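Enquirer: Sharing a model that was predicted from the sequence below.
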Amino acid sequence: MSQAEVQYYSVNSTALEILRDRDLTGSRAVITGCTAGVGLEILKALAFTGCHVIMAIRDLQKGKVVYDTLTAERVNVFLVYTHTCI
């Protein structure tokens, strides 16, 4: 990789900034913890770059809010409710 191709990121870089100009069409990812925080930001970044994202969630209500928001923006996300037994 030449010096011109190297990209530098900082602690302030976002997932969307890192994935900018990348086409992830045809890629698939399963994201956990995607109803808040880092998981949500990664979910959005991957989805907005064309990746088909599966949301593995435990809280159905929180997951539906995120899912409805993203599908309203015509993003390819799939919701999977992962009920856990203790």
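Expert: Good, I have the coordinates. Keep in mind that what you see is a predicted model, and the values were worked out from it rather than measured.

Enquirer: Every contact and neighbour count from this point should use C-alpha atoms.
Expert: Will do.

Enquirer: so residue 12 is in which element?
Expert: Residue 12 is part of no helix or strand, with elements assigned from DSSP states H and E.

Enquirer: That one: how many residues sit nearby?
Expert: Applying other Cα atoms under 10 Å, we find 7 residues neighbouring residue 12.

Enquirer: Going by neighbour count, which residues in whichever strand or helix holds residue 47 are buried?
Expert: Residue 47 belongs to helix 37-48 when assigned by DSSP H and E. Applying a neighbour-count criterion of 16 or more other Cα atoms under 10 Å, one finds 40, 41, 42, 43, 44, 45, 46, 47, 48 buried in helix 37-48.

Enquirer: and of those, the nearest to residue 64?
Expert: When the buried residues of helix 37-48 are compared for distance to residue 64 (Cα to Cα), residue 40 wins out at 12.8 Å.

Enquirer: Quick check: residue 27 vs residue 46, distance?
Expert: 9 Å (Cα to Cα, to the nearest Å).

Enquirer: repeat for residue 73
Expert: Taking Cα to Cα, one finds residue 73 at 14 Å from residue 46.

Enquirer: what's the answer for residue 8, then?
Expert: From residue 8 across to residue 46, the span is 19 Å (Cα to Cα).
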